[in-house]
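Engineer: Let's see this in three dimensions:
(one chain, ligands or ions: 1)
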Amino acid sequence: MNKRRMPHGKSLPEELANAMRRLESLGIIYPEGYYDTIIQKYTHKTVPYPYIVMHIGDARIKRHFFYPDIFKKPGDFLDYGCGTGDAIRQLIRDGYPAERITGYDVNDASIRLGYDLFLDRDDMERRVVVSPAFPCLSEQYDIVYSGSVIHVIGDEREVAGYLGNAHRTLKPNGIFFGSTLGLPNEAPDRSNDGPPRLMRQQELAGSFAGTGFKKIRIVREERPELQHSGRNFCLFQFSAKKL
Ligand SMILES: C[S@@+](CC[C@H](N)C(=O)[O-])C[C@H]1O[C@@H](n2cnc3c(N)ncnc32)[C@H](O)[C@@H]1O
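Structural biologist: Got it, this is the predicted structure:
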């Protein structure tokens with residue numbers, strides 16, 4: 001089963017058009033015929049996470065409970081698994097110092113889509129690192145953000161490695177925050193219909209604690225589209241601290 005499909009009733013070309021409309025409302029001007037170029041270039045074969053297209057230009061990071069706090073004392077910021085780079089652009093639009101932000105991803109499939117839709121490759125390319133191996137030093141960042149990455153990692157050991165890297169690259173008192181799809185408490189069992197790694201709140205908290213994170217906070221974000229999708233998962237927002 002293809003677990004990285006669009007939600008029922010949505011299509012990739014339609015969602016690409018919606019994304020382009022949202023970006024036009026942010027001031028981006030596309031050349032004549034650009035939509036056709038985009039839908040030829042970006043298909044289910046070249047877009048590994050099609051559902052993130054539905055959020056391009058409407059970055060989910062801004063709805064995170066910890067979002068206002070990061071502006072109080074902006075520090076060195078890593079977007080760990082940055083995808084299209086939407087969170088980075090949102091931060092910069094909201095006034096976060098651009099020179100303190102780095103995006104990192106294991107591959108460049110989504111970031112290339114981001115460049116093509118935002119028409120900002122020259123500006124963004126220098127903020128993003130793409131590498132199969134985690135490239136960051138120990139105690140390099142004050143803040144690490146993880147937007148919808150944990151649930152796409154299927155293997156338990158890889159999740160542990162991911163969380164370990166986040167913890168290691170944070171400076172003391174650094175903050176790890178983000179979101180992941182998970183299983184609600186009332187859900188009977190793991191769903192076969194969802195992404196590979198759906199944890200319950202307790203399990204997620206246990207993974208953070210096992211990595212060494214403290215002051216763990218996990219909040220279930222109400223997302224009507226998930227409730228109405230008939231699927232058995234929910235969205236958790238989290239924050240945790242490295243002491
Ligand atoms: C569902 S997308 C989310 C992208 C973006 N953070 C967002 O909120 O739209 C998941 C991203 O995580 C990246 N990813 C998966 N495993 C990773 C890992 N071990 N380290 C870093 N990035 C990873 C994928 O390449 C993909 O870009």
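Engineer: Residue numbers of the protein in contact with the ligand?
Structural biologist: Selection of the chain residues close to the ligand by C-beta under 6 Å from any ligand atom yields 49, 52, 80-83, 86-87, 105-107, 110, 147-149, 152-153, 162. (Glycine included, C-beta is placed from N, CA and C.)
Engineer: From those, keep the buried residues only.
Structural biologist: 52, 80-83, 86-87, 105, 110, 147-149, 152-153, 162 (16 or more other C-beta atoms under 10 Å).
Engineer: all helices in this structure, in order from the N-terminus.
Structural biologist: 12-25, 34-41, 67-70, 86-93, 109-118, 121-124, 156-169, 201-211, 224-227 (DSSP state H).
Engineer: for the first one, packing partners?
Structural biologist: The criterion is 3 or more C-beta pairs under 8 Å, 6 or more residues apart in numbering; DSSP states H and E, and the helices and strands that helix 12-25 contacts are helix 34-41, helix 109-118.
Engineer: and the ones you listed as a markdown table, adding mean pLDDT?
Structural biologist: Output for the helices and strands packed on helix 12-25, formatted as a markdown table (pLDDT from 0 to 100):
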| stretch | mean pLDDT |
| --- | --- |
| helix 34-41 | 98 |
| helix 109-118 | 98 |
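Engineer: Output those as JSON lines; include the columns distance to residue 138.
Structural biologist: JSON lines is the format used below for the helices and strands packed on helix 12-25 (distance: least, C-beta to C-beta, whole Å):
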{"stretch": "helix 34-41", "distance to residue 138": "39"}
{"stretch": "helix 109-118", "distance to residue 138": "25"}
